[in-house]
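> The amino acid sequence is not available; the structure is as follows:
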């Protein structure tokens, strides 16, 4: 039987009090642990060669402007939701949280527009004597956190240990390191990460939440006073000033930033859960920028591209239904297959995709070299679904539904609960569309939760099926935490709790291969393995639009310390250190 919301809130507070929950330097795996939520904007609320960066396809409609940047001004940016905290070692950071964190924290590495990971807050990251199971990371000298604490190897050690100990975030780190000796200090500014296995792709993890570095002084204080998790202290271009949950989080320019100076006086992050309202606030001038993955909203923004800048990315996530294979009835593959067959794919794609987002069959877009053309998502097969459900119910219909309680079947149909995050008009519409198709074989009840509770329920395995958004990292190796057996537990990042030893072996092999071309065959086999498990029902490739007023400049002019142009936006989040406002 499902735990109540109060119990989950208690879990979140315990996690924060223990100094744990989302991450810092991961052996090449993603620890953006909650970069996932529902499947259609705000609904959708985690790979290919492409025009801007490998594994990301971005179309830009920004203004050419040769004028010099003008310092000053406050930018108000509308996000799809708020988050429960901004501590990278202890907060479940979905897309809005990662974006806000990116203003106040720096990552150790960043992707440039050639798809390469280059040092950022780190000065270098190098395997030890060519052994890719041991990596040394040297941070830049002379950098201080916003509270005056120096950035050094001790700070790196503290961040890693806090992450590794975290109940949720630590799940992305602990399985990939030995219990003892995972990290060691080499000198004042250098640490060494000792992995359990070779990983030539380790630097990819330094670009994710695992790459954020927080002030160890602040981390200590936040253990004693968890309310400080709302007041982040990093090395980034902006300094936290104030935060009102579900209202406004304000950051002001860091006048002593190690990498130069931001132009904006301040950024105000404003959560607006309804995508139509978010668009309207941009159109009225109350916001200067927004993120959205709602297809109707993207369409409206593109229709007004002469008035607003649109940065489009459709490789930053996939939208799907996600099935808990560890709980009855979906611990039986027949029930999972029946749900896939009963899914009204065409109706979903027509009414929710609206011709704006493309149909998805897997975690890669067709342009990706890793795309497997043999994998096609089944759906729109109600008769086959009903037959499988009837067979399942005849065998197991009197067993208890692990999540709902009561029998797994009633009147020859399988009883399930569909969960999503809200309140969201579009997500409610998605639920109604799915229910209409699934009703051929399933009795469906609904559970709409706030985003934070939705993520926590999912991590605890307290769901039958939910709508979700995930995958789409620049290098897909950073998505392995969602796939591997070692990420299953009482709290899981392998949300579907499906273990495939064959998949694990393929991942272990491909991460020893530094050349992307050599990894293609393994990724294609992994995609086939995921399909055959029937734990995901893919709907669409999520289409992200980061839209800006025409007086916003510099969104895609961020640079790394080596002078290369950094990734412009990713997975619905831009960076703001190069942004300025024209008169």
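Happy to help now that I have it. Here the structure is a predicted model, which means the values were calculated and not measured. Residues are numbered from 1 along each chain as shown.

> contacts and neighbour counts: CA atoms only from here.
Will do.

> quick one, helices of the protein?
Assigned by DSSP state H, the helices in the chain fall at 5-17, 95-104, 153-165, 216-224, 275-284, 295-303, 333-342, 345-348, 382-396, 425-438, 451-459, 501-510, 516-533.

> in the fifth one, what counts as buried?
By 16 or more other Cα atoms under 10 Å, the buried positions in helix 275-284 come out as 275, 278-279, 281-283.

> Of those residues, just say which sits nearest to residue 295.
residue 275 (9.6 Å; Cα to Cα).

> Is that closest one in contact with residue 80, as I believe?
Yes: Residue 275 lies in contact with residue 80 (Cα atoms under 8 Å); the separation is 7.2 Å.

> one step back: which one, of the helices of the chain, ends up nearest to residue 476?
Nearest of these (Cα to Cα): helix 516-533, 8.8 Å.

> In that closest one, which of the residues would be classed as buried?
519-520, 522-528, 530-531.

> all strands of the stretch 201-350 of the chain, in order?
Ranges of strands in the stretch 201-350 of the chain, per DSSP state E, counting those that start in this stretch, are 238-244, 248-253, 266-271, 289-292, 308-313, 318-323.

> tell me the average confidence for the fifth one?
Just to be clear, that refers to strand 308-313. Strand 308-313 shows an average pLDDT of 96 in the prediction.

> Please report how far residue 448 lies from residue 427.
Using Cα to Cα, to the nearest Å, we find residue 448 at a distance of 9 Å from residue 427.

> With neighbour numbers in mind, choose between these two.
A count of neighbours by other Cα atoms under 10 Å puts residue 427 above the other of residue 448 and residue 427, at 25 against 18.

> So for stretch 68-82, what gets flagged as buried?
For stretch 68-82, by 16+ other Cα under 10 Å, it's 69, 74-82.

> what does stretch 369-389 give?
369-372, 375, 377-382, 384-389.

> repeat for stretch 556-571
556-560, 564-571.

> likewise stretch 495-515?
Buried, per 16+ other Cα under 10 Å, within stretch 495-515: 495-499, 503-504, 506-508, 510-512.

> Let me have those in TSV, extended by distance to residue 317 and pLDDT.
As requested, the buried residues of stretch 495-515 are exported to TSV (distance: Cα to Cα, whole Å; pLDDT from 0 to 100):
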residue	distance to residue 317	pLDDT
495	16	96
496	17	98
497	20	98
498	20	98
499	22	98
503	20	98
504	22	98
506	22	98
507	20	97
508	23	96
510	21	95
511	21	95
512	25	95
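
> would a markdown table of the residues you listed with distance to residue 441 be doable?
Output for the buried residues of stretch 495-515, formatted as a markdown table (distance: Cα to Cα, whole Å):
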| residue | distance to residue 441 |
| --- | --- |
| 495 | 24 |
| 496 | 21 |
| 497 | 23 |
| 498 | 23 |
| 499 | 26 |
| 503 | 30 |
| 504 | 33 |
| 506 | 35 |
| 507 | 35 |
| 508 | 38 |
| 510 | 39 |
| 511 | 41 |
| 512 | 44 |
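
> quick one: contacts for the residue lying closest to residue 491 once chain neighbours are set aside?
With Cα to Cα, 6 or more residues apart in numbering as the criterion, residue 491 has its nearest non-adjacent residue at 4.8 Å, and that residue is residue 460. Residue 460 makes contact with 490-492 under the criterion Cα atoms under 8 Å, 6 or more residues apart in numbering.

> now residue 262
71, 237-238, 253-254, 576-579.

> Going by distance to residue 484, which of those residues wins?
residue 576 (34.1 Å).

> I figured that closest one hits residue 557, correct?
No: judged on Cα under 8 Å, residue 576 makes no contact with residue 557 at a distance of 9.7 Å.

> List the beta-bridge partners for residue 449.
When bridges are called by DSSP bridges, residue 449 pairs up with residue 421.

> Now for it, how many residues are close by?
17.

> contacting residues around it?
Contacts of residue 449 by Cα under 8 Å, 6+ apart are 419-423.

> separation between it and residue 252?
32 Å.

> do the same with residue 132
The value you get for residue 132 to residue 252, if Cα to Cα is used, is 39 Å.

> re earlier: list just the nearest of the buried residues of stretch 68-82 to residue 436.
Using Cα to Cα, these come closest to residue 436 at residue 80, 26.9 Å.

> quick one on the thing from earlier: any of the contacts of residue 460 buried? List them.
491-492.

> between the contacts of residue 460, which is closest to residue 437?
residue 492 (29.2 Å).

> export the buried residues of helix 275-284 to JSON lines and tack on distance to residue 121 and pLDDT?
Putting the buried residues of helix 275-284 into JSON lines (distance: Cα to Cα, whole Å; pLDDT from 0 to 100) gives the following:
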{"residue": "275", "distance to residue 121": "34", "pLDDT": "92"}
{"residue": "278", "distance to residue 121": "33", "pLDDT": "97"}
{"residue": "279", "distance to residue 121": "34", "pLDDT": "98"}
{"residue": "281", "distance to residue 121": "35", "pLDDT": "98"}
{"residue": "282", "distance to residue 121": "33", "pLDDT": "98"}
{"residue": "283", "distance to residue 121": "36", "pLDDT": "98"}
